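Undergrad: The following block contains a protein sequence and its predicted model.
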Amino acid sequence: SCESIGKAAFCDCSSLEKVNISSACKSIGTIAFLNCKSLKEVNISSACTSIGESAFKDCTSLVKMNIPLLLTSINEYLFYNCKSLEEINISSSVTMIKEYAFYGCKSLTRINIPSSIKVIKHGAFSQCLSLAKIALNNSSIKAINESCFFGCYSLVQILLPKSITEIKKFAFADWKSLVE
């Protein structure tokens, strides 16, 4: 049984549509599924503890994904330009969302941010054009980092935690429809 998926293992597999990753697999390497344009569905076992940077970058047909239970961070560029991604469920084991993790996820309408999140790095949700509401009020984050929600045109509501001490430059820049 496969214990890991290596770096670029399925990179540019343009006909790949569905992937089921077994409980034996503990890690997915950097750019493992980069540019798999037809990939629509990925089922990752809860036993997976590591997903490398840019693993699903430019998987433009990917619609839905659950973050495995043992994962502690969502790495850089993980879902960058996954423009069909509509929903993401982040497990309560995740404490950090790294740089540009969801950049350009134009179909993402909602995201559940668990209370375990302590840090959301810069640009994490930039250009998520359909994101309408984000609730951070149960998290313990202290800062909204640079360009974190830049260009989220549809965002009408954001609920911030009391722990916020700093909102950095361009954090919410270029909003068109903010109500509250």
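TA: In hand now; what should we look at?
Undergrad: CA atoms for contacts and neighbours, from now on please.
TA: Noted.
Undergrad: which residues of the protein score low on pLDDT?
TA: 176-180 (pLDDT under 70).
Undergrad: for it, what spans make up the helices?
TA: Under the criterion DSSP state H, the chain contains no helices.
Undergrad: what's near enough to touch T165?
TA: Counting by C-alpha atoms under 8 Å, 6 or more residues apart in numbering, T165 touches K142, A143.
Undergrad: swap in T95?
TA: Neighbours of T95 in contact, by C-alpha under 8 Å, 6+ apart: T72, S73, S116, I117, K118, V119.
Undergrad: closest to K133 among those?
TA: I117 (16.9 Å; C-alpha to C-alpha).
Undergrad: Now the closest one. Nearest residue, chain neighbours left out?
TA: The shortest distance from I117 to any non-neighbouring residue, by C-alpha to C-alpha, 6 or more residues apart in numbering, is to T95 (4.1 Å).
Undergrad: Could you measure from that neighbour over to K121?
TA: According to C-alpha to C-alpha, to the nearest Å, T95 stands 11 Å off from K121.
Undergrad: Could you give the number of residues near S45?
TA: Here the number of neighbours of S45 (other C-alpha atoms under 10 Å) works out to 19.
Undergrad: when you give positions from now on, start the count at 22
TA: All right, first residue 22 from here; so that's S66.
Undergrad: residues in contact with it?
TA: S66 neighbours (C-alpha under 8 Å, 6+ apart): I42, S43, S44, C46, P89.
Undergrad: what's the spacing between K154 and S48?
TA: Distance from K154 to S48, by C-alpha to C-alpha: 31 Å.
Undergrad: sorry, that was for K85
TA: 19 Å.
Undergrad: what does C149 give?
TA: For C149, the distance to S48 - C-alpha to C-alpha - is 27 Å.
Undergrad: same thing with C34?
TA: To S48, C34 is 19 Å away according to C-alpha to C-alpha.
Undergrad: More neighbours: which of these two?
TA: For the pair C34 and S48, the greater number of neighbours falls to S48 (19 against 15), based on other C-alpha under 10 Å.
Undergrad: Quick check: the more buried one touching C69?
TA: Yes - with contacts counted by C-alpha atoms under 8 Å, S48 reaches C69, the gap being 5.6 Å.
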